[in-house]
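Peer 1: I'd like to go over a predicted model; first the sequence, then the structure.
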Amino acid sequence: MPQTDSPPPYLAGSVLVLVGPTGVGKTQLALALARRMPVEIVNADSRQVYRYMDIGTAKPTVAQRAAVPHHLFDIRDPDRVLTVAEYQVLAVRAIEGTLAKGRVPVLTGGTPLYVRSIVHNLRFPRVVPDPALRMRLEGDLKRQGAEGLFQRLAELDPQTAATTDPHNGRRIIRALEIFLKTGKSKRHLEGTRPPVWPLYILGLTCPRLQLHQRVDARLDTMMAEGLCAETRGLLERKYDLTLPALQALGYRSLIQHLQGKISLSEAIQQAKRRTHRYIRHQYTGFRRLEEAVWFDVSCRALDDLAAQIAVSWPAGSSLDAWETGRASAAGRSNGA
RNA sequence: GCCGAGAUAGCUCAAUUGGUAGAGUAUUGCACUGAAAAUGCAGUGGUUCCCAGUUCAAGUCUGGGUCUCGGCA
């Protein structure tokens, strides 16, 4: 990954996209930026969109969200699944709204696909998931295995089959779903488009071992802050345990513990391991953002980085009013 | 102290009559467009506790040593 010491020049009306693995300090940097620039934070995290999941998803606190406008946090109950395609619509709306106010949208979050839905402006096949159909195909998958389902896809939609992993049941099911609903190939219903706004993509990184230590310590803190009670609260709401929200890191392991399947220490250990795996997964996702510039947070204070970004944000943009207002305010106080 | 069991990948453990040491997990990477904190694929990693012996060939058999666990004193 290319790393730099200073951000490149900006374009007016840019969206600042802030990516990186969990626990690297994205939220912290976004808040530091908010102290220096008129930003509004747009969530790009597939779990922080759900209510009642605050501690375990490391959601910004209520106080933090009161101090800076935040979008797309707590927008769904855990049993109302948010899909990427829905997310994309909401995120575009939030970004447009922020730009219209002359403020800077900061898209920040750890879900690579959500970020890519904006950065690569993905075109999604307009086929709403059909739970009944998926359940039927799941049954077929169990009976005949991935190979059997893949065979079927290869006959119906050979073009999509050619680029689909024959072992990945979930991807095969989605491809079949699209073909069975539309009669068209998934390959032809999707694509990337240039982004709608100028983007400045900033990646935060950190040596792996150090990152692991940070997220391990963070999980211990979460436990001390009541992650177990929060998980119990979700169980008491009687949600279907297969919901994506309840598969979230930490919650998933603690649910197993609360059901008596594993010990508490096993659950914690498992949650930590899974978080490490997730970090790996996030990196492979974010490496697909070729325009990103990466900053190593172990070499550099987040606050300094925020200061540098704020100073170099473009003149001639709608930020001018804010910048000059701030300068004249400083001038007044100096003169007094 | 005596008796028994054991020591193999970072961890937990497999390995037929002696015949190129494997799996899960960890770790690293990759794929993945309406489930993405999901799903799938792959790579790295070994002085088989140590020493000696038997044998064409030892994780495996023999002897000695070290350490661990359990039982008995």
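Peer 2: Arrived safely, thanks for sending.

Peer 1: quick one: distance of the biggest helix by length in chain A to the chain centre.
Peer 2: For chain A, the helix with the greatest residue count under DSSP state H is helix A:131-156. In terms of Cα atoms, centre = their mean, to the nearest Å, the centre of helix A:131-156 is found 29 Å from the chain centre.

Peer 1: I'd like the average pLDDT over that helix.
Peer 2: In this model, helix A:131-156 has a mean pLDDT of 95.

Peer 1: can you tell me the SS state at residue A:41?
Peer 2: Secondary structure, DSSP: H, G, I helix; E, B strand; the rest coil: residue A:41 is strand.

Peer 1: confidence score at it?
Peer 2: Looking at residue A:41, its pLDDT stands at 98.

Peer 1: you'd agree it is up against residue A:70?
Peer 2: Yes - here residue A:41 lies in contact with residue A:70, judged by Cβ atoms under 8 Å, at a distance of 4.9 Å. For every residue, glycine as well, the C-beta is placed using N, CA and C.

Peer 1: what do those two both touch?
Peer 2: Common neighbours of residue A:41 and residue A:70, counting by Cβ atoms under 8 Å, 6 or more residues apart in numbering, are residue A:60.

Peer 1: any idea of the mean pLDDT for stretch A:64-74?
Peer 2: pLDDT averaged over stretch A:64-74 gives 97.

Peer 1: contacts for that stretch, please.
Peer 2: Contacts of stretch A:64-74 (Cβ under 8 Å, 6+ apart): A:27, A:30-31, A:34, A:39-43, A:48-51, A:59-60, A:87, A:90-91, A:94, A:97-98, A:103.

Peer 1: and that stretch, which residues are buried?
Peer 2: For stretch A:64-74, the neighbour count (16 or more other Cβ atoms under 10 Å) marks A:64, A:65, A:68, A:69, A:70, A:71, A:72, A:73, A:74 as buried.

Peer 1: ok, longest strand in chain A?
Peer 2: Using DSSP state E to define each element, chain A has its longest strand at strand A:199-205.

Peer 1: elements contacting that one?
Peer 2: strand A:15-19, strand A:293-296 (3 or more Cβ pairs under 8 Å, 6 or more residues apart in numbering; DSSP states H and E).

Peer 1: can you put those in JSON lines and add mean pLDDT and mean neighbour count?
Peer 2: Putting those into JSON lines (pLDDT from 0 to 100; neighbours: other Cβ atoms under 10 Å) gives the following:
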{"stretch": "strand A:15-19", "mean pLDDT": "96", "mean neighbour count": "25"}
{"stretch": "strand A:293-296", "mean pLDDT": "94", "mean neighbour count": "19"}
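
Peer 1: closest one to RNA strand B among these?
Peer 2: Shortest distance between RNA strand B and these, using Cβ to the nearest atom of the strand, is found for strand A:15-19: 11.1 Å.

Peer 1: listing partners with orientation, what would you give for the closest one?
Peer 2: The pairing partners recorded for strand A:15-19 under DSSP bridges are strand A:104-108 (parallel), strand A:199-205 (parallel).

Peer 1: contact partners of the last one?
Peer 2: Applying Cβ under 8 Å, 6+ apart, the contact partners of strand A:199-205 are A:1, A:3, A:7-8, A:10, A:14-21, A:24-26, A:29, A:119, A:286, A:289, A:291-297, A:309.
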